[in-house]
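Novice: Sequence plus predicted model, see below.
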Amino acid sequence: MTKQLKPSNPSRRHLLTGGAVALAAGGMAGISKSALAQAAASVVPAAAKPLPAYVAWKDPTAMIVHTSSTLETKRSAFGTSVITPAEQLYIRNNLPAPDASIIADRDAWEVQIEGVKNPRNFNLKQLKGMGLETTAMVLQCSGNGRGLFPTKASGTAWAVGAAGCVVWSGVPVRDVVAALGGVADGMVYMTGTGGEKIPEGLDPKSVMVERSVPLKAMGDALLAWEMNGAPIPLAHGGPLRLIVPGYAGVNNVKYIKRLAFTLAQTEAAIQKTGYRLSPPGQKGDPSHPAVWEMAAKSWINSPAPDAGVVPAGMSLIKGVAFGGMQALKAVEVSIDGGASWLAAKFVGPDLGRYAWRQFVLSVKLAPGNYTIASRAIDVLGNLQSEVSMENTGGYNNTSWRDHALKISVV
């Protein structure tokens with residue numbers, strides 16, 4: 001049912017942004033729609049940074065280039081389909097991608113399996129004969145939403161575009177392990193090591209990409225060679241990537257060359273002190289929780305502040321939502337800063353527990369200023385958090401308040 005909704009007047013200090021919208025809202029009284037449109041048209045956007053050479057195949061109109069190793073998907077580029085096309089998917093690399101020669105003969109790539117009853121190496125061609133599974137899942141950088149925390153953390157100020165919903169195909173890790181006699185007794189973690197080149201003169205453990213996750217993550221993990229039905233691009237970890245559904249992006253190790261089952265977490269800095277939920281101002285420490293499992297999260301993609309003012313009348317509020325480790329049950333939308341909530345409708349197919357769902361809510365908006373927000377609910381009843389724990393690295397921001405948007409309706 002379509003409802004006539006009135007504008008809100010929220011007072012929370014960090015109900016989000018949109019400098020241009022705030023300026024427009026502040027001086028909107030007495031200004032005609034045509035004048036607002038002319039003013040918006042006169043704003044010349046800053047020239048976008050060019051795409052780095054190794055991702056020159058991506059769609060430049062869909063990407064925000066922060067640095068050569070951090071590219072964000074524009075909110076407006078998510079569209080209304082479930083799957084994120086490769087040419088629009090974000091990039092986050094902790095080390096430069098290896099030389100493109102490693103994908104010249106993909107089947108020759110080797111991965112070493114350790115911490116099992118019968119350790120051995122496999123090349124990609126051999127792995128392709130050991131099993132096959134396809135999983136749709138949200139791939140999300142740990143820092144997605146970092147730029148929305150009230151207190152800004154260091155690092156790339158991601159908004160919502162360091163995420164996508166991707167289909168991976170590969171051999172289940174559990175099948176590989178079973179073929180090797182099972183996990184060795186007493187092992188606690190699954191540890192993946194990336195195949196990036198370590199700069200000369202540096203202690204490998206200080207820069208290498210090596211991540212440990214709890215052993216239970218093996219259950220749905222893949223050694224994947226396809227992404228969205230095509231060989232995994234070099235920029236996204238091809239020829240072979242460890243996929244750990246439900247876990248933050250850093251745990252999905254690119255160019256995987258070693259998969260080990262271990263008694264302890266790796267001593268690599270990216271695990272020992274990096275990607276830890278450390279209290280603000282404190283350095284990462286093994287006693288702080290590791291960035292592992294994702295939680296329920298959602299955000300609105302349209303209407304958004306960068307779209308300018310929204311005309312009064314019927315409007316579609318659209319976004320994406322996922323449950324993290326659990327399947328998604330429902331999404332609710334608020335247009336009054338969280339004072340009241342309405343049930344949104346899912347759009348498109350349900351691609352499983354780890355995928356996101358598109359949602360939509362049709363509303364009739366009267367002229368005024370609105371704070372619109374969404375919150376996801378998983379099948380266990382876990383509700384997307386209102387406020388997230390701030391931390392030094394700016395990780396795991398699932399706060400619906402931080403992700404709320406202010407829009408002006410005329």
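Specialist: Happy to help now that I have it.
Novice: which residues pair with the residue nearest to the spatial centre of the chain across the strands?
Specialist: Most central in the chain under CA atoms, centre = their mean is Gln140, positioned 1.9 Å from the mean C-alpha point. Under DSSP bridges, the beta-bridge partners of Gln140 are Ala163.
Novice: measure it to Thr193 for me?
Specialist: Distance of Gln140 to Thr193, computed by CB to CB, to the nearest Å: 22 Å. The way it works is simple: take the backbone N, C-alpha and C, and place the C-beta from them, glycine included.
Novice: just to revisit the earlier point, for the residue nearest to the centre of the chain, which residues are in contact?
Specialist: Neighbouring residues of Gln140 by CB atoms under 8 Å, 6 or more residues apart in numbering: Ala162, Ala163, Gly164, Ala248, Gly249, Met294.
Novice: Do I have it right that the last one meets Tyr247?
Specialist: Translated: Met294. Yes - contact criterion CB atoms under 8 Å: Met294 and Tyr247 qualify, at 6.8 Å.
Novice: burial count for the closest residue to Gly393 other than its chain neighbours?
Specialist: Distance criterion CB to CB, 6 or more residues apart in numbering; nearest residue to Gly393, sequence neighbours excluded, is Ala153 at 6.1 Å. Counted with other CB atoms under 10 Å, residues neighbouring Ala153 total 18.
Novice: part of a helix, is Ala153?
Specialist: No - going by DSSP: H, G, I helix; E, B strand; the rest coil, the assignment for Ala153 is coil, not a helix.
Novice: was I right about it contacting Asn397?
Specialist: No - using CB under 8 Å, Ala153 is not in contact with Asn397; the gap is 9.2 Å.
Novice: Least confident secondary structure element in this protein?
Specialist: Sorting the helices and strands of the chain by mean pLDDT, DSSP states H and E puts helix 19-26 at the bottom, at a mean of 33.
Novice: ok, which stretches of the stretch 1-150 of the chain are helices?
Specialist: Here the stretch 1-150 of the chain has its helices, by DSSP state H, counting those that start in this stretch, at 19-26, 33-42, 124-127.
Novice: just checking, what packs against the shortest one?
Specialist: Applying 3 or more CB pairs under 8 Å, 6 or more residues apart in numbering; DSSP states H and E, we find helix 124-127 packed against strand 110-114, strand 222-227.
Novice: can you tell me the average pLDDT over the first one?
Specialist: Regarding strand 110-114, the rounded mean pLDDT is 98.
Novice: got it, and the longest one?
Specialist: Taken as a whole, strand 222-227 has an average pLDDT of 98.
Novice: Just the CA atoms of that strand, as CSV, please.
Specialist: Provided in CSV are the C-alpha atoms of strand 222-227 (Å, rounded to 0.1, in the frame of the first residue of the first chain):
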residue,chain,number,x,y,z
LEU,A,222,35.7,-22.5,-2.5
LEU,A,223,38.9,-22.5,-4.4
ALA,A,224,37.3,-20.5,-7.2
TRP,A,225,38.5,-20.0,-10.8
GLU,A,226,35.3,-18.3,-12.3
MET,A,227,33.6,-15.1,-11.4
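Novice: before we move on, back to that, and for Ala153 and Asn397, which residues touch both?
Specialist: With CB under 8 Å, 6+ apart as the test, Ala153 and Asn397 both reach Arg146.
Novice: Roughly how far does Thr156 sit from Thr73?
Specialist: Counting by CB to CB, the gap from Thr156 to Thr73 is 13 Å.
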